[in-house]
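S.K.: Model the structure of this input:
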Amino acid sequence: MIFLFYLASEIFLIPGYAVASLVAQRRFSLIFYKFFGMVVTMLVAWGVASLFSISATYSFCICFTLLSVIPLLILRKQKKLVPISSKSIRFYLAISLFSLFLYLFLAYIRTFKTDILGTEKLMDVALITTILKQDKLPIENPWLSGFLMNYYYLGHYLLAMLQKLSSVPTHIGYNLAIGLVGVWIFQTIWMLIFRISRHVFWTYLFALTATFGGNYFMFYELYIQKKEFAWFASATRVIPYTINEFPAYSIILGDLHGHYLSLPFFITALYFMLVLWSWVKRKKIVSLARGGLLLGTILGFLYLINSWDVITLAIVGAVLTIGFVMLETKSLAEIKKLLLLAKKYGAIIIGTAIPALAVFLYSRTMFLPPVAGIGINTAFTPLEKYFELFAHFMVAACILVFGMFFVRQYIGKIQIKRKYLVGLTLVIVSVILIVAVEIFYAKDIFHILNPPYNRTNTVFKFYYHAWILFTGGLFSMLIVTMSLLEKHFKSLLLKFGYMNVLLFFSVSMIAYSSIAIGQFLAPKFIGASLDRFFNAQYQDGYKYIDTARDDDREIINVLLQKDYAVILEFSDYESYSYNARISAYTGHTSIQGWPLHNVQWYGGYDSSGLLVHTRKSAKMPIAERVTDIDTMYRSADASTVESLLKKYGVTYVVFGEREKAFAEKAELTNRFAVYDNLCSIIWSKNDSRIYQCK
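M.R.: Sure thing, here's the model as predicted:
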């Protein structure tokens with residue numbers, strides 16, 4: 001199953017190559033084709049399934065087939081098949097083989113901590129199981145029956161279809177997906193850095209560093225603050241009341257959240273923007289407009305996974321444009337050339353806007369924006385926190401400046417500008433993002449319910465982008481510098497010294513993952529049995545339920561076999577917990593899951609959501625439902641319980657570990673009496689039961 005799940009994503013190379021070749025008629029990296037194939041297939045399948053109300057699985061299969069076959073037939077008939085060089089194939093096979101071993105390592109260490117519980121894991125697995133169980137789009141909220149889900153889940157749709165392709169069940173596929181997305185991040189960073197640097201060895205090293213490296217905050221705690229112990233998660237909570245996450249932490253933590261799922265595609269968009277902007281000088285307007293269509297498709301896809309990505313990419317586009325224009329200032333003295341350049345950038349913008357705006361406008365029929373505007377920040381980051389958080393990037397910048405000191409006397413000023421322009425652009429955008437979140441923040445639910453944390457989400461999302469931009473920019477410039485030293489300097493001592501400095505710098509960052517894996521995932525993973533690859537019990541994300549949660553695993557197995565329905569399970573205001581576990585693990589929808597997450601998704605207790613059957617806006621009954629759930633498990637009045645069951649259209653009522661704990665705490669006696677009269681038992685064991693009420 002491990003190999004099948006990995007190989008399932010490789011087939012997207014076919015529609016990616018077919019569609020990109022048909023539209024742009026240009027040759028790209030094979031890695032780009034694969035990720036663009038995921039983008040266009042899933043985006044079109046999402047649109048077809050939601051527009052025509054057909055099965056989400058059938059829609060995926062139909063769209064994958066048509067997008068693979070029709071463009072290739074057209075290209076073949078027109079004799080315009082874009083050739084793929086043998087060099088590109090060798091590079092792709094090499095990176096794929098390397099990625100496979102990387103994926104196997106990540107899958108292996110995950111077997112030591114497979115529990116799909118804690119942080120946001122229950123929410124993430126709920127989205128995947130719900131897509132599989134409902135098999136339609138848009139999906140009903142798994143934790144608020146009757147309402148459309150108001151959180152973007154296109155990335156979870158992709159993972160659900162990968163499970164279908166590889167016949168991997170969710171309780172195993174969830175953990176495999178964590179490592180697979182980590183590999184995708186590595187592959188796309190490799191593609192981005194290699195695009196700028198063109199140096200194979202150093203690209204591999206720094207792609208690994210960007211993916212699995214961490215900041216120096218743990219070292220700061222141990223060696224500067226003299227703490228006896230530094231927890232790996234502390235490196236992501238450096239700035240008070242914010243989150244400062246980076247890819248290595250996400251991979252080790254194991255949440256399949258939107259910001260993590262979107263990251264490979266965010267980097268793919270960065271790569272393609274560099275390609276597209278490099279066309280401006282030598283390509284015709286039509287070619288640029290076609291390229292814009294591809295970029296707009298990627299942006300539309302990103303909007304449905306993590307809309308924050310689109311904002312950062314817009315800033316990157318603006319800064320790239322300014323940079324390229326500055327390089328061509330002398331040739332733009334003539335009005336004619338200036339107008340031509342304006343037309344070319346206009347073609348890119350128009351081409352990009354067509355698919356991106358189409359996705360945005362159509363999404364408004366399924367999602368209501370939970371952000372209520374822009375706020376002005378009043379709590380600023382202490383200056384020393386920047387040194388604690390970004391010391392590793394400051395070290396990289398010092399290494400870069402030192403290398404450039406020796407390089408600049410050997411190449412001209414203009415050449416330096418061209419060689420470092422793209423990397424410098426990414427760094428500049430990183431700085432812009434960091435400065436911007438000191439001034440502005442998005443008014444989300446934290447602004448309303450927890451003002452000290454009002455900029456938490458804003459800092460979280462844009463700092464995540466800043467990590468990629470810093471690593472892509474600084475690391476590519478370091479590689480360019482190393483390449484120039486290799487070419488122009490005869491001093492072996494200088495080149496050897498600089499090379500070892502880069503190696504030590506990379507190792508010092510990757511040390512974070514080594515420490516974090518030992519702390520959180522697999523303290524004793526070295527020397528363990530390779531049986532973990534082949535024995536499903538080592539990969540089972542629900543395994544912990546067998547011993548720790550009474551008979552819940554059997555309840556889950558029974559309900560997995562049932563058709564999609566509304567279930568009643570106990571839930572209160574506790575989040576990030578075992579609450580709402582049955583709906584999360586089975587894909588059925590519950591009356592209420594984690595209430596505070598619904599508050600976040602819809603923008604507050606008094607906000608509105610879209611009803612499933614009418615698509616009309618209605619007030620969110622979050623507090624009312626928590627009370628009703630309590631009543632249905634507490635009340636001895638059969639008529640009251642019966643009216644509530646009919647109100648929510650409940651089919652199955654669950655009595656498991658969580659309901660038993662509630663009954664003991666509430667000192668309830670004869671807790672089954674009401675349901676014995678109203679419903680029929682379809683499964684029972686010990687003190688656990690499932691009732692069917694329809």
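S.K.: tally of neighbours for the residue lying closest to Gly541 once chain neighbours are set aside?
M.R.: Nearest residue to Gly541, sequence neighbours excluded (C-beta to C-beta, 6 or more residues apart in numbering): Ile116, at 3.8 Å. C-beta: built from backbone N, CA, C; applies to glycine. By other C-beta atoms under 10 Å, 24 other residues sit near Ile116.
S.K.: Ile116 sits in which helix or strand?
M.R.: Assigned by DSSP states H and E, Ile116 belongs to neither a helix nor a strand.
S.K.: Distance-wise, check it relative to His588.
M.R.: 16 Å (C-beta to C-beta, to the nearest Å).
S.K.: where do the helices sit along the stretch 101-250 of the chain?
M.R.: Listed in chain order, the helices of the stretch 101-250 of the chain (DSSP state H, counting those that start in this stretch) span 121-134, 154-166, 170-197, 200-212, 217-219, 247-253.
S.K.: try the stretch 551-694 of the chain
M.R.: With DSSP H, counting those that start in this stretch as the criterion, the stretch 551-694 of the chain has helices spanning 552-560, 581-586, 595-602, 622-634, 638-648, 657-666, 673-678.
S.K.: mind checking which of the helices of the stretch 101-250 of the chain is nearest Ser508?
M.R.: Closest to Ser508 of the helices of the stretch 101-250 of the chain, according to C-beta to C-beta: helix 217-219, at 8.1 Å.
S.K.: so where's the chain shaky on pLDDT?
M.R.: Residues of the chain meeting the criterion pLDDT under 70: 328-334, 409-418, 524-529.
S.K.: Now do the buried residues in the lengthiest helix in it.
M.R.: Longest helix in the chain, counting residues (DSSP state H): helix 456-488. Residues of helix 456-488 classed as buried by neighbour count (16 or more other C-beta atoms under 10 Å): 456-485.
S.K.: just how off-centre is that helix within its chain?
M.R.: Remark: helix 456-488 is offset 20 Å from the chain centroid, using C-alpha atoms, centre = their mean, to the nearest Å.
S.K.: before we move on, back to that, which of the helices of the stretch 551-694 of the chain sits closest to His613?
M.R.: Of all these, it is helix 638-648 that lies closest to His613, at 14.0 Å by C-beta to C-beta.
S.K.: Need the contact partners of the closest one.
M.R.: For helix 638-648, the surrounding residues in contact (C-beta atoms under 8 Å, 6 or more residues apart in numbering) are 145-146, 566, 568, 591, 628, 631-632, 635, 653, 674-675, 677-678, 693.
S.K.: now it against helix 622-634, angle please.
M.R.: With axes from the mean of the first three to the mean of the last three C-alpha atoms, to 10 degrees as the basis, helix 638-648 and helix 622-634 are set at 140 degrees to each other.
S.K.: For helix 638-648, what is the distance to the chain centroid?
M.R.: Distance of helix 638-648 from its chain centroid, counting by C-alpha atoms, centre = their mean, is 40 Å.
S.K.: Check stretch 542-559 too.
M.R.: The chain centre lies 28 Å from the centre of stretch 542-559; the measure is C-alpha atoms, centre = their mean.
S.K.: and what of stretch 454-462?
M.R.: With C-alpha atoms, centre = their mean, you get 16 Å for stretch 454-462.
S.K.: Would you mind listing the two of the contacts of helix 638-648 that lie farthest apart?
M.R.: Greatest spatial distance among the contacts of helix 638-648 (C-beta to C-beta): Gly146 and Asn677, at 26.1 Å.
S.K.: Which one's more surrounded, these two?
M.R.: Gly146 (18 against 10).
S.K.: got a list of what the spatially closest residue to that one that is not a sequence neighbour touches?
M.R.: Using C-beta to C-beta, 6+ apart and skipping the chain neighbours, the partner closest in space to Gly146 is Val612 (5.8 Å). Contact analysis of Val612 by C-beta under 8 Å, 6+ apart lists 140, 146-148.
S.K.: Can I get those in CSV including distance to Trp184?
M.R.: Below are these laid out as CSV (distance: C-beta to C-beta, whole Å):
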residue, distance to Trp184
Glu140, 29
Gly146, 35
Phe147, 32
Leu148, 28
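S.K.: Can you tell me which of those is nearest Gln163?
M.R.: Glu140 (19.7 Å).
S.K.: And for that closest one, the neighbour number?
M.R.: 21.
S.K.: what do you get for the one 10 residues further on?
M.R.: The number of residues packed near Asn150 is 23, by other C-beta under 10 Å.
S.K.: got it, and Leu97?
M.R.: Neighbours of Leu97 under the rule other C-beta under 10 Å: 10.
S.K.: Could you look up the SS state of it?
M.R.: Recorded secondary structure, Leu97: helix (DSSP: H, G, I helix; E, B strand; the rest coil).
S.K.: Enumerate every residue touching it.
M.R.: The contact partners of Leu97, by C-beta under 8 Å, 6+ apart, come to none.
S.K.: For Leu162, see how far away it is.
M.R.: Distance check for Leu97 against Leu162: by C-beta to C-beta, it reads 20 Å.
S.K.: No further questions, thank you.
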